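Asks: coordinates for the following, if possible.
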Amino acid sequence: MSDRSMLQGHDILCFSSIDWHFIWQGHQEIMSTLAANGNRVLFVENTGVRTPSIRDLSRVRVRLQNWWRGTKGFRQERENLFVLSPILLPFPYSPIVQRLNRVLLARALRRWMLATGFNRPIIWTFLPTPLVRQIIRDLDPSLSVYYCIDDFASSSPGARRITDSEQRLFHDADLVFVTSEKLRERAARFSQHVHRFPFGVSLRKFDEVREAPGAMPAALSALPRPIVGYVGGIHQWMDFDLVAAIARRMPAVSFAFVGPLQTDVGAAAGLPNVHFLGKQDHDEIPRYVKGFDVGIVPYRLSEYTTNVYPTKLNEYLAMGIPVVATDLPEIRRFNVQHGPRVAIAQDAEQFVTSLTAALGPSTEQERQRRVGVARENSWEARIAEMSRLIEAAVDAKRARPEPWEDTLRRLYRRARGRVVGTVAILVLAYGLLFQTPLPWMLAQP
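Replies: Model (predicted):
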C-alpha cells in the first residue's frame, strides 16, 4: 500500500556507495521504500571512490558475477526496482579513465532508459565522485539530490582526492541531505539547500518482532546470559582494544557481534565470552536485537567517526533495550535532542560501569520511552520529509524553465563529451594493442 506523504510516480536513478546485496543500510531502505510507493528506481551499484587493491578481489569477482547474472549488467530485484552492476575501469581520478568510464556508463544508462521509458529521472546520489558528477550533467535530470552520509575523504588515503569533486557537487546539487551536524556545516559552505537527515530505523519490522512472542535465533540462545550485543559491519572504526578490555572485566557477560567481519579484531577474537556470529539476513536483525540485554556502539574516536551517526542506535532503542556508546559527537547531540537515552562512556572503566547499570532491570515505562525516541527517528518519517522537499524542488524547477542559451551549451557539451570519450577509447585500444605485450599474452596457449 502506498503512502501519500511520500514521492509517487517518479523515475529515480540512484548512484549508491554500496552494492545492493551488501549490508542493508539506508541506501537500500530508501530506494526500496520509494519503489514500493509507486516510483520506478534504478539502483546503480558502487562505482568506486578509490583505486581497488588486492583485498578488493572478492568484490570484483562478485561484481562480475552480478553483471553476468543480469542483462548487460541490469536486473530486476523486485517490483519497480532495478539494479545495475556496472563494469568500469578502476583509477577513478585518472582523467583518461574518467572519460572512458563516462562514455561506457552513460551509454548503458541511456539505452536502458530508452528501453524502459525512463524519462528525465530524479538523480539521487550517495557518491560525490567526478564520474557521477559528469553523468548527472549528461543525463539532464529533473532534479539532483546528493545524500552525504560519510566523510569519504577521511575514510581511506586513496579517497582523499574526492574532496574537490564533493565540494563541486555540494554546489551543483539541487538538494543536499546529510546525516550529521559536522557534515551539514561543511556542506553549507557551498549550498543553501542543505538538510540534516540522520539514518532512521524501519520501525514496522521492529514493532512486529518486539510485540510478538517467539524464540531468539539459535546462535544467541546458545550463549550464556546476559548478552551485550552489536549489529552491523565489523569494521576498522570499531575499538577492539576497548571491547577486549571490557570483556575481560565482565567474564560472566556474553558479547555478541552480528555482522560480517571486515577487519582484524585483534585480541577480542581470542576471548571466550566474545562471539562473532557473522552476517545475518536483514529481516533477522530485529530478532537478534530482541535477544540482546544491552546494545553497544564501541567506535573509535577519529576524524571519520566525528561525522558518523550510528544507524544501530535507533535499532536498539526500537526494541526497547538500553544503549551504551563511546563519546561520539552525534551521540552527544542525540542525547541533547531526546534526553539522556544513551549512556556515554569515555574509557573501559566507564563502559563497564555503564553496562553494569544498564544490565539492571528496566521498567516498562523506560522501555516505552526508548521506543518512543526510535519512533521519532523512523525511516517512514524521514522519507516523508525528504519527499516533501523533493516535490517542492521539482515544482520550483518546472516553474522556471532553463534559458535557451544554457540548453544549447548543455547539448554541445554532451556532444563534445561523446566525441572525446570515443577518441579516448580508440587511443586506449591502440595503446593496448600496439604499445603493450597484451596481445602476445592473450595469444599464449
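Asks: phi, psi for residue 255 please.
Replies: Residue 255 has phi and psi values of phi -110, psi 110 when expressed as degrees, to the nearest 10.
Asks: check contacts around it.
Replies: By CB atoms under 8 Å, 6 or more residues apart in numbering, residue 255 lies in contact with 227, 228, 229, 230, 243, 246, 247, 271, 273, 274, 275. (Each C-beta comes from the backbone N, C-alpha and C, glycine too.)
Asks: return the member of those residues nearest to residue 191.
Replies: Checking those against residue 191 by CB to CB gives residue 230 as the nearest, at 34.6 Å.
Asks: and the spatially closest residue to that closest one that is not a sequence neighbour, what helix or strand is that in?
Replies: In space, residue 230 comes closest to residue 257 once its chain neighbours are excluded; the distance is 4.9 Å by CB to CB, 6 or more residues apart in numbering. Assigned by DSSP states H and E, residue 257 belongs to strand 254-258.
Asks: CA atoms only for the helix or strand that that strand is followed by - export them in CSV, please.
Replies: Later in the chain than strand 254-258, the nearest helix or strand by DSSP H and E is strand 274-278. C-alpha atoms of strand 274-278 as CSV (Å, rounded to 0.1, in the frame of the first residue of the first chain):
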residue,chain,number,x,y,z
VAL,A,274,33.3,-12.6,22.8
HIS,A,275,31.3,-14.2,19.9
PHE,A,276,31.3,-13.2,16.3
LEU,A,277,28.1,-14.5,14.7
GLY,A,278,28.7,-13.4,11.1
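Asks: buried stuff in strand 274-278?
Replies: For strand 274-278, the neighbour count (16 or more other CB atoms under 10 Å) marks 274, 275, 276, 277 as buried.
Asks: who does the third one form a beta bridge with?
Replies: Applying DSSP bridges to residue 276 gives these bridge partners: residue 257.
Asks: that one contacts residue 233, doesn't it?
Replies: No. The criterion here is CB atoms under 8 Å, and residue 276 misses it with residue 233 at 11.8 Å.
Asks: okay if I get the buried residues of strand 274-278 as TSV plus pLDDT and distance to residue 209?
Replies: Output for the buried residues of strand 274-278, formatted as TSV (pLDDT from 0 to 100; distance: CB to CB, whole Å):
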residue	pLDDT	distance to residue 209
274	97	25
275	97	21
276	97	22
277	96	17
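Asks: would you turn the residues you listed into CSV with distance to residue 381?
Replies: Below are the buried residues of strand 274-278 laid out as CSV (distance: CB to CB, whole Å):
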residue, distance to residue 381
274, 36
275, 34
276, 33
277, 31
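Asks: now do the same contact list for residue 155.
Replies: Applying CB under 8 Å, 6+ apart to residue 155 gives the contacts 49, 304.
Asks: got it, and residue 238?
Replies: Contact partners of residue 238, counting by CB under 8 Å, 6+ apart, are 263, 265, 298, 299, 300.
Asks: and the fourth one, what does it touch?
Replies: Spelled out, it's residue 299. 237, 238, 239, 305, 308, 310, 325, 326, 328.
Asks: among those residues, which are in strands?
Replies: Among these, DSSP state E puts 325, 326 in strands.
Asks: between the contacts of residue 299, which is nearest residue 13?
Replies: Lowest distance from residue 13 to the contacts of residue 299 (CB to CB) belongs to residue 308, with 26.7 Å.
Asks: which one is residue 221 nearest to, not counting chain neighbours?
Replies: Leaving aside its chain neighbours, residue 221 sits nearest to residue 215 (6.8 Å; criterion: CB to CB, 6+ apart).
Asks: okay, now the one you found: neighbour count?
Replies: 9 (other CB atoms under 10 Å).
Asks: buried sites along stretch 258-265?
Replies: 258, 259, 265.
Asks: need the CA coordinates for that stretch. CSV is fine.
Replies: What follows is stretch 258-265 as a C-alpha-only set of coordinates in CSV (Å, rounded to 0.1, in the frame of the first residue of the first chain):
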residue,chain,number,x,y,z
VAL,A,258,26.3,-9.8,14.5
GLY,A,259,27.6,-8.7,11.1
PRO,A,260,30.3,-9.5,8.5
LEU,A,261,33.9,-9.4,9.5
GLN,A,262,35.6,-6.6,7.6
THR,A,263,38.8,-6.1,9.6
ASP,A,264,41.2,-7.7,12.1
VAL,A,265,39.5,-7.7,15.5
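Asks: can you start the count at 769 instead of 1 from here on
Replies: OK, 769 is where the count begins now, so the last one is stretch 1026-1033.
Asks: so which residues of the stretch 1069-1213 of the chain form helices?
Replies: Along the stretch 1069-1213 of the chain, counting by DSSP state H, counting those that start in this stretch, helices occupy 1080-1086, 1097-1106, 1116-1126, 1132-1144, 1147-1167, 1172-1202, 1206-1211.
Asks: which of these comes out lowest on mean pLDDT?
Replies: In terms of average pLDDT, helix 1206-1211 trails the rest of the helices of the stretch 1069-1213 of the chain, at a mean of 56.
Asks: just for the stretch 769-918 of the chain, where's the confidence low?
Replies: Scanning the stretch 769-918 of the chain with the threshold set as pLDDT under 70 gives 769-772, 818-828, 831.
Asks: can you give me the helices for it?
Replies: With helices called from DSSP H, counting those that start in this stretch, the stretch 769-918 of the chain shows them at 794-804, 825-837, 863-884, 898-907.
Asks: now those as a markdown table including distance to residue 976?
Replies: Listed next are the helices of the stretch 769-918 of the chain as a markdown table, based on distance: least, CB to CB, whole Å:
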| stretch | distance to residue 976 |
| --- | --- |
| helix 794-804 | 16 |
| helix 825-837 | 31 |
| helix 863-884 | 34 |
| helix 898-907 | 36 |
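Asks: for those, which one sits closest to residue 1123?
Replies: Taking the helices of the stretch 769-918 of the chain one by one with CB to CB, helix 794-804 is closest: 27.9 Å.
Asks: run through who's touching that closest one.
Replies: 770, 774-775, 778, 780, 782, 784-786, 788, 809, 811, 846-849, 892, 894, 915, 917, 967-968, 970, 1079, 1147-1148, 1151, 1154.
Asks: specify the beta-bridge partners of residue 781.
Replies: Taking DSSP bridges as the rule, residue 781 bridges to residue 810, residue 891.
Asks: quick check: the gap between it and residue 907.
Replies: 7 Å (CB to CB, to the nearest Å).
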